[in-house]
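Asker: Sequence first, predicted model second:
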Amino acid sequence: MTPTRPYLVRAFYDWIIDNGMTPYMLVDATVEGVRVPVSYIRDGRIVLNVAPAAVTSLEMGTSAVSFGARFSGVAQTITLPINSVMAVYARENGQGMFFSDEDDGPDTTPTPELEDAPAIRAKPALRLVK
């Protein structure tokens, strides 16, 4: 299976926007391929405001997040490999998703309790009556 991080980043970003909050991303700036203004990096990390009013051309793909932003009035192109995104959270209350290193790739370890379980067939939760 594909990694879940890119899907969760997009979902939490949308959830934060839908609730009228300001989405921030905490980024590991030491990951290869990260393109951010070096002067804003603190302890190998950078926090970015990714609200629609703060960025342009936001693209959240399966391998990277990219957008344009201004830092001290200077336009910059920001590139974040998806595995560099450590968190997506709302500035106002801190709610969001924080990722661990284990979230970097697909988990191919079989789940013992489900390995020998019979297939479960989905049943409709609602019947339409005519």
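Answerer: Sure, I can see it. Residues are numbered from 1 along each chain as shown.

Asker: Tell me the bridge partners for the closest residue to residue 54 other than its chain neighbours.
Answerer: Nearest non-adjacent residue to residue 54, counting by CB to CB, 6 or more residues apart in numbering: residue 69, 6.3 Å away. Glycine gets a C-beta too; all of them are placed from N, C-alpha and C. Residue 69 forms beta bridges with residue 55, residue 76, as assigned by DSSP bridges.

Asker: Helices along the chain, start to end?
Answerer: In the chain, the helices defined using DSSP state H lie at 5-18, 112-115.

Asker: Now do the first one: which elements does it pack against?
Answerer: Spelled out, that is helix 5-18. Other elements packing on helix 5-18 under the criterion 3 or more CB pairs under 8 Å, 6 or more residues apart in numbering; DSSP states H and E are strand 23-28, strand 55-60, strand 85-90, strand 96-98.

Asker: With distance to residue 8 added, can I get the ones you listed in TSV?
Answerer: Shown next, in TSV, are the helices and strands packed on helix 5-18 (distance: least, CB to CB, whole Å):
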stretch	distance to residue 8
strand 23-28	12
strand 55-60	11
strand 85-90	8
strand 96-98	6
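
Asker: Indicate which one of those is closest to residue 38.
Answerer: Smallest distance to residue 38 across the helices and strands packed on helix 5-18 (CB to CB): 12.7 Å, for strand 23-28.

Asker: Let me know the average pLDDT across that closest one.
Answerer: The predicted model gives strand 23-28 an average pLDDT of 98.
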